[in-house]
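**Student:** From the sequence below, what's the structure:
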Amino acid sequence: MNRFTLPALGAALLLALMPGLGQAQAFPDKPITLVVPFAAGTATDQLARAIGTQVTAQAQQPVVIDNKAGASGMIAAQQVAKAAPDGYTVLITTNTTHAANEHLYKKLPYDPVKDFAPITGLGKGGQIMVVNPAFPAKSVAEFVALAKKEPGKYSFGSGSSSSRMAGELLQQMAGIELLHVPYKSNTLAVTDLLGGQIHMMITDSATGLPQIKAGKLRALGVSSAKRSPLAPEVPTISEAGVKGYEMGYWFAAYAPAKTPPVVVKRLNELLAAAAKSEAAKTAFYEPSGTEVFTSSPQELAQFQAAETQKWGRIVKAAGIEAE
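**Tutor:** Next up, the predicted model:
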């Protein structure tokens with residue numbers, strides 16, 4: 001009897017010592033929720049929807065998009081940090097929650113490192129500086145000249161840390177003083193820019209380009225080191241008057257901490273394949289000018305650490321005190 005009982009006990013002990021093994025073999029066997037820290041229509045939301053569609057096609061399970069906008073992504077990040085570590089709740093986020101916020105806020109309701117299991121990078125992109133067509137400045141140089149003439153008169157809006165830091169860096173490098181107006185999302189800031197409530201913003205291309213192409217906003221410059229292939233006529237901010245200026249953003253996926261490594265590995269496979277798919281490229285990456293950026297969980301952790309240090313330097317140089 002012992003010859004048959006001991007192997008059975010050994011198998012039971014193996015499963016007990018390897019949490020998530022049985023789960024991973026069938027993962028996913030129910031809907032996955034992708035939590036997005038920003039409003040519907042933002043670049044992160046568009047990316048999550050493009051990725052989610054492809055995950056559904058691969059895994060044959062529904063993917064639910066849950067937009068939890070507000071508090072610079074902290075609401076969504078906290079929700080995922082507290083979620084069950086089973087792989088069915090994933091944060092599709094940016095450098096806002098996982099590199100910038102810890103330098104901008106004295107107390108975060110989550111720990112960007114300890115509370116999450118990195119899955120994969122998803123993309124990198126540049127931003128675009130836009131104004132209302134009625135605004136007198138038709139170039140970056142003209143905007144800077146106006147701002148220097150009347151310090152503090154002109155405002156810039158932001159709905160993410162990437163957008164805010166782009167504006168802060170512009171002030172620092174151009175030697176100008178602007179009034180910062182915060183929003184829950186870049187789309188809300190664009191709405192006020194269209195209505196003339198603010199004067200300028202530097203937003204993600206996915207949000208700004210449709211308004212530019214429709215003639216509702218005027219592009220002054222792109223924040224990346226090179227011109228965007230989607231708007232080659234728009235100069236970089238560096239070549240348009242603020243030499244050396246460069247600011248971008250990135251997307252990545254995270255699960256709650258303590259998610260079993262085998263489940264993280266499966267999520268990495270699903271999300272990376274989704275990002276590299278032709279369908280996602282057509283739906284999001286090409287229209288938004290975003291570069292596909294996938295990684296191993298370990299590579300994402302290292303990348304995040306380096307980015308956190310970089311954003312800390314920018315915040316300190318801009319003289320921003322944590323709120």
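**Student:** Would it be right to say that Val181 lies in a helix?
**Tutor:** No - counting by DSSP: H, G, I helix; E, B strand; the rest coil, Val181 is not found in a helix; it is strand.
**Student:** ranges for the strands of the chain?
**Tutor:** 32-36, 63-67, 89-94, 116-131, 155-158, 179-182, 200-204, 218-222, 248-256, 291-292 (DSSP state E).
**Student:** and Val242, what does it touch?
**Tutor:** Going by CB atoms under 8 Å, 6 or more residues apart in numbering, Val242 touches Val140, Val144, Leu170, Met173, Ala174. (C-beta placed from N, C-alpha, C; glycine too.)
**Student:** And it, what's its pLDDT?
**Tutor:** pLDDT, Val242: 95.
**Student:** Kindly report the same for the one 5 residues further on.
**Tutor:** At Met247, the predicted lDDT confidence score is 87.
**Student:** backbone phi and psi for it, please?
**Tutor:** Note on Met247: backbone dihedrals following degrees, to the nearest 10 are phi -160, psi 130.
**Student:** burial count for Lys149?
**Tutor:** When neighbours are counted by other CB atoms under 10 Å, Lys149 registers 10.
**Student:** for Ala306, same thing?
**Tutor:** Using other CB under 10 Å, Ala306 is surrounded by 10 other residues.
**Student:** and the longest helix seen in the chain, what other elements does it pack with?
**Tutor:** The longest helix of the chain (DSSP state H) is helix 297-317. Judged by 3 or more CB pairs under 8 Å, 6 or more residues apart in numbering; DSSP states H and E, helix 297-317 is in contact with helix 101-104, strand 116-131, helix 161-174, strand 248-256, helix 261-276.
**Student:** Give the buried residues for it.
**Tutor:** Pro297, Leu300, Phe303, Gln304, Glu307, Thr308, Trp311, Ile314, Val315 (16 or more other CB atoms under 10 Å).
**Student:** and what of stretch 185-201?
**Tutor:** For stretch 185-201, burial by neighbour count (16+ other CB under 10 Å) applies to 185-193, 198-201.
**Student:** what's in contact with it?
**Tutor:** By CB under 8 Å, 6+ apart, the list of residues contacting stretch 185-201 reads 38-39, 41-43, 69, 129-132, 134-135, 143, 154-160, 163, 167, 178, 181, 183, 203-204, 207-208, 211, 216-217, 220.
**Student:** and the spatially most central residue of the chain, bridged to which residues?
**Tutor:** Compute the mean C-alpha point of the chain, and by CA atoms, centre = their mean the closest residue is Thr94, 2.2 Å away. Per DSSP bridges, residues listed as beta-bridge partners of Thr94: Phe251.
**Student:** how much space between it and Gly159?
**Tutor:** 11 Å (CB to CB, to the nearest Å).
**Student:** Buried ones only from the contacts of stretch 185-201, please, as a PyMOL command.
**Tutor:** A single PyMOL command is used to select the members of the contacts of stretch 185-201 judged buried by 16+ other CB under 10 Å:
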select buried, resi 38+39+41+42+43+69+129+130+131+132+135+143+154+155+156+157+158+159+160+163+167+178+181+183+203+204+207+208+211+217+220
